[in-house]
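> what follows is a predicted structure for the sequence shown.
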Amino acid sequence: MVVIQALRGTRCTCCRLSLMRSFTSIGGYAFRFPQTTARLPPCSSPIARQVRQHSHHHNDTRQVGWGRNQHDAEVAIEEEEATLEEKGNLEETEEVSEVTSSEPWYLQVEAPERTIKPLSERQKLPDLPESPPLILQPLLRQVSIDLGLDDLYLLDLRTLDPPPALGANLLMLIGTARSERHLHVSADRLCRWLRSTYKLRPDADGLLGRNELKLKLRRKAKRAKLMGSTEENADDGVRTGWVCVDVGVVEGVASKNAVEEPTDFVGFGRKTDGVRIVVQMLTEEKREEIELERLWGGILKRSQGGIEDADEGESTTGSPMIISSQPSLGTAGIVPKSHSGTSSTVASVRGLHTSVRRFQNTVHGTSSSHSKREGGSEATMQQAFYNSVDALVIDGDYEGARTILLENADNFIKLQADGWRMMLQEKLLLHIQSLPKDTALESLGNGHSDYSSTAFLSSFYKSLSVCPSAAEVEARVWLYSFARALGHPGYEATGLLDLFAELQISGSEISPVAYEHILRGVLRPDEGTPNYHGPDKVALQGALKILQAMYDQGLQILDETILVDLQETISPGLPDDDLAQGIITNAADTLDLPSYPLIPIQRRLHILMMTIDVPCFRDETRLRLLDLYRRQKNWVEFWDVFRMAARRAQPQSSSMYAFIFASIAQSKHQKACMNVVRIWAPELAKEIPPIPIAGQVAQGIRACLKVADPFVEEDAIKNPESNGEWISWWNKCKWSKEGSDQFLYE
């Protein structure tokens, strides 16, 4: 069968004979071929004619005798066959060269040669970034050694601004799995390891369970058998080739180069060292297709270049405005950092939006160099001018202050480009805070729709521009919130919601500080509201709209500072007798203290704070919550906040222990004081590092001991060697009556 196909593939009869004789000569015998009756058209090539002549000569000699000239014929045929073969190879080479030369170079595909990396290079752990979280090194070892992922690549995306969609302070680890099954098994084991070892709650996108992959493949094979189709589709929804494991937010390590922010700074966004870790597991084919390293590496390089440009652009000096976190009569609200003499007495301040600082930098950026060139005389003249403006404002001549600022706007660089408006607003808001309450209420007019009934309101609203900037929006919102804090009846929560809607319609820029003032003003109860049990439905709906606007603007709303501010704002104060039927006295939850229930809105916020997936709250924030719940006698929630650190696997601080001992001692509940000493005093030695029984902690324990046993101090003096429970704890506390050791929680 093979011979027949080979014969049919030749060009002519002579070639067929030559091919046949090459097979017969190997066997050692020859056999005759019958004469062909059909005449074939002769081949036009000279080589074929030569072969045909030899063939005719061979046929003539075969009639005389085959055996006598067999050797000579075979030799001649072999020579002709060699010539034909050489000629054919030459023609094929020429044809291939013509085809190759006609194909452009950019269409010639070369098979890529993949170099196989050695095992040691594939299993090499990446270097740790600067200030890595404590979990990162064990995670790398678990992923590489125990799970067997190769070619690990670590991306430090903590400096990206704006942050990625996966979250801020992001570390991304990329690894290659050997197969689809290895991919899902590794992701499943990693999630189980994180849950059991670090008590985290990882989220794996694209992960199929232990038997889910096998079940899906079995169903797919059965469906293909029923349909009679075996076509393979790579994107079949079963073989993903990619699993993204979100480890969650873990506690980070404080950077050595970190700049400490002032403790009295209050704003939006998380102030925490929490780091989010994401592990990207891909098969080799999927990793080559996606190229995550190249994607995020390019974004990181562009972001770092933008940060360097921004740092160079903001190197100029300026004098931004500062606004207090809570407007009240006792604290200053807006304070200039430069020439104002009252800035040193301000207790609570916060910085304005970045756009305001950049605007002021452009206006006042050259003031210092200009003063140096002109000498001290011009600086003295400027200071005298500003003092004259302050004197007019203090005397109540607001219109005169506005007039001289507007007239001299071109003479001073700081007043140019509407800088006089910002200065006048600063001085007006500083002045109204220094006034007595009755005088301030009179200066605020009849209500939020009153713009000109008093000299103060007339000057303030005339200083606002047609298209207000972020700083002007903050000043206007702050004045409204200040009026509500004073208890002005004309400034209601609905009016503040109308002001917020007006700012949104006009397209004005609302800074995070302004959002905070609006939230507090809307949720704050009106002055003298009887039987207050939380904000009404209109205020809650308005607060939700404000939070939605903040979220749409890209601000972080699930922030510990915002949540605690909201909880304090909606607080009803002291517990009401109407809630007495819901008192809880469970010893396990309250240590036998009677605990009042929270109002519904506070209860929802408390559950949100306890279940939200964020790092443990800072001590300052938790102390604010503990003090709030202590005053409201919400002891169940009090202990929930105290146990937050233990639930997040974080150590407690000595200030937290001192506060709980002092709080229980202030309740004057004897059984509760006994329980808190028995339960929580031994836990001091179990903390990492152990907390010594000294200072504020020792004084808090002794305060509880005095309530548990009023004669414990006398008994300890009379019999210091006694083994009594309370006397032994009393002797363990290192008491000191020095001023530096004064008890802070009395």
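Noted; the coordinates are in hand. Numbers count the residues shown, from 1 in each chain.
> for stretch 127-139, the averaged confidence score.
Mean pLDDT, computed over stretch 127-139, is 91.
> which of the residues in that stretch are buried?
By 16 or more other CB atoms under 10 Å, the buried positions in stretch 127-139 come out as 131, 132, 133, 135, 136, 139. Glycine gets a C-beta too; all of them are placed from N, C-alpha and C.
> quick check: end-to-end length of that stretch?
End-to-end distance of stretch 127-139 (CA to CA, to the nearest Å): 13 Å.
> which residues sit against it?
With contacts defined as CB atoms under 8 Å, 6 or more residues apart in numbering, stretch 127-139 is touched by 154, 156, 158, 171, 173, 197-198, 247, 250-256, 275, 277, 279.
> 7 Å instead, please
Contact partners of stretch 127-139, identified using CB atoms under 7 Å, 6 or more residues apart in numbering, comprise 154, 156, 171, 198, 250, 251, 252, 253, 255, 275, 277.
> please apply the same query to stretch 644-657.
199, 251, 615-617, 619, 622, 642, 680, 684, 687-688, 691, 696-697.
> how does this protein divide into domains?
2-100, 119-313, 318-557 (automatic domain parsing).
> quick one, helices of the stretch 451-600 of the chain?
Along the stretch 451-600 of the chain, the segments classed as helices by DSSP state H, counting those that start in this stretch run 455-462, 470-486, 493-506, 512-523, 537-552, 560-569, 587-590, 600-611.
> typo on my end, it should be the stretch 101-250 of the chain
Going by DSSP H, counting those that start in this stretch, the stretch 101-250 of the chain shows helices at 119-122, 136-141, 180-198, 212-227.
> and the first one, what other elements does it pack with?
Spelled out, it's helix 119-122. The helices and strands touching helix 119-122, judged by 3 or more CB pairs under 7 Å, 6 or more residues apart in numbering; DSSP states H and E, number zero.
> hmm, try it at 10 Å
strand 150-157 (3 or more CB pairs under 10 Å, 6 or more residues apart in numbering; DSSP states H and E).
> list the pairing partners of the strand it packs on within its sheet, with orientation.
Using DSSP bridges, the strands paired with strand 150-157 are strand 170-177 (antiparallel).
> between helix 180-198 and the strand it pairs with, find me the angle.
Interaxial angle of strand 170-177 relative to helix 180-198 (axes from the mean of the first three to the mean of the last three CA atoms, to 10 degrees): 140 degrees.
> check the nearest residue to residue 181 once chain neighbours are set aside and give its pLDDT.
Nearest residue to residue 181, sequence neighbours excluded (CB to CB, 6 or more residues apart in numbering): residue 213, at 6.7 Å. Turning to residue 213, the model gives it a pLDDT of 73.
> next one: residue 97
For residue 97, pLDDT reads 48.
> what pairs with residue 172 across the strands?
residue 155, residue 278.
> give me the local confidence score for it.
Residue 172 is given a pLDDT of 95.
> now it: how far from residue 513?
33 Å (CB to CB, to the nearest Å).
> what does residue 554 give?
With CB to CB as the criterion, residue 554 and residue 513 are 16 Å apart.
> mind checking which of these two has more residues around it?
Comparing residue 554 with residue 513 by neighbour count (other CB atoms under 10 Å), the higher total belongs to residue 513, at 26 against 8.
> surely residue 158 is in contact with residue 166?
No - if you go by CB atoms under 10 Å, residue 158 and residue 166 don't touch, sitting 11.9 Å apart.
> okay, and the common contacts of these two?
residue 276 (CB atoms under 10 Å, 6 or more residues apart in numbering).
> the more surrounded of these two?
Legend: neighbour count by other CB under 10 Å for residue 158 and residue 166, higher for residue 158 (18 against 13).
> what sits against the more buried one?
If you count contacts by CB under 10 Å, 6+ apart, then residue 158 has 129, 130, 131, 168, 169, 170, 171, 252, 255, 275, 276, 300 around it.
> strands of this structure, residue ranges please.
150-157, 170-177, 203-205, 242-250, 275-283, 321-323, 334-336 (DSSP state E).
> for these, which one sits closest to residue 665?
strand 242-250 (35.5 Å; CB to CB).
> name every strand pairing with that closest one and say which way it goes.
For strand 242-250, pairing defined by DSSP bridges yields strand 203-205 (antiparallel), strand 275-283 (antiparallel).
> tell me which of those sits most buried.
strand 275-283 (a mean of 24; mean count of other CB atoms under 10 Å).
> low-confidence regions, the stretch 101-250 of the chain specifically.
The stretch 101-250 of the chain contains residues with pLDDT under 70 at 101-102, 110-115, 229-237.
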